[in-house]
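J.: Generate coordinates for the sequence data below:
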Amino acid sequence: MNVIEARPKHAKAARSGETSPAAEAAERVGPERTCVGCRQRAGRGEVVRLAVADDGRVALDPRARASGRGAWVHPRRVCVAQMVKRHAAERSLKVEAQPALDAGALLEGLREATERQARSLILVSARTRRAAVGADAVVSALQRVKVYAVVVARDAGDVAKALAAEGEGEGTRVLRYGTRSSLGALFGRAEVALIALLEPRVSSELGAAIERLRELED
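T.: Sure, this is the predicted structure:
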């Protein structure tokens, strides 16, 4: 059996060290920034940073660690397109980008960075014993512990989808992400269709990352 860190479903948040939904949301949003694409204010966790690279190009700074000025944009196809069309990032950074920004390349970079984040969240959960991997482990987790989200592969079979739906009926969030083979590759397996996440913050952050991937495709 592959259930990780069993604990009673109804344990109090204070006793288990979990954050309240309000505190979790506040921490995720953080300081506000203005998206240079749509000009809307957004929480720090909702936008990504661009900065001037050493060669003078405007480049993604997904970890927001580059020195100097930064420009912020929603990781959405429409916001990136508007930013490029209006040269908004160059104006915000007070530089003249050479060559001109490539919307397609930026979107691909954003997709890659968001995919890395999603995979990292899943792996960290498993390594810190805050996840249950595989159908049997997920079934046991749903019966014994508080499950905040179930990741279900997009090509999962009917049984796996039914198990995820059962958890959703009990208040567990269902996140559709990856394929059986791509999820399996994270754990050195041929296939994995279901993963249960037992930590609220990771569940929330992974849900946000999956939503960003969807918006980058729209």
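
J.: any chance you could map the strands in the protein?
T.: 32-34, 41-43, 48-52, 58-60, 71-73, 131-133, 149-152, 173-176, 194-197 (DSSP state E).

J.: Out of the ones you listed, flag the one nearest Glu217.
T.: Nearest of those to Glu217, taken as C-beta to C-beta: strand 173-176 at 13.2 Å. The way it works is simple: take the backbone N, C-alpha and C, and place the C-beta from them, glycine included.

J.: What residues of the closest one count as buried?
T.: Judged by neighbour count (16 or more other C-beta atoms under 10 Å), strand 173-176 contains these buried residues: Arg173, Val174, Leu175.

J.: isn't Val159 right up against Ala135?
T.: Yes. Counting by C-beta atoms under 8 Å, Ala135 is a contact partner of Val159 at 7.3 Å.

J.: Comparing these two, which shows the higher neighbour count?
T.: Neighbours were counted for Val159 and for Ala135 using other C-beta atoms under 10 Å; Ala135 has more, 19 against 11.

J.: so who does that one touch?
T.: By C-beta atoms under 8 Å, 6 or more residues apart in numbering, the contact set of Ala135 is Val159, Ala160, Leu163, Ala193, Leu194.

J.: Which one (most neighbours) among those?
T.: Within the contacts of Ala135, most neighbours by other C-beta under 10 Å means Leu194, with 27 neighbours.

J.: From Ala64, how far out is that one?
T.: Leu194 sits 33 Å away from Ala64, going by C-beta to C-beta, to the nearest Å.

J.: hmm, who's touching the longest helix along the chain?
T.: As assigned by DSSP state H, the longest helix anywhere in the chain is helix 103-127. Outside helix 103-127, the residues that touch it by C-beta under 8 Å, 6+ apart are 4, 48, 60, 62, 75, 77, 80-81, 84, 131, 133, 151, 177, 183, 186-187, 195, 197-199, 202, 205-206, 209-210, 212-213, 216.
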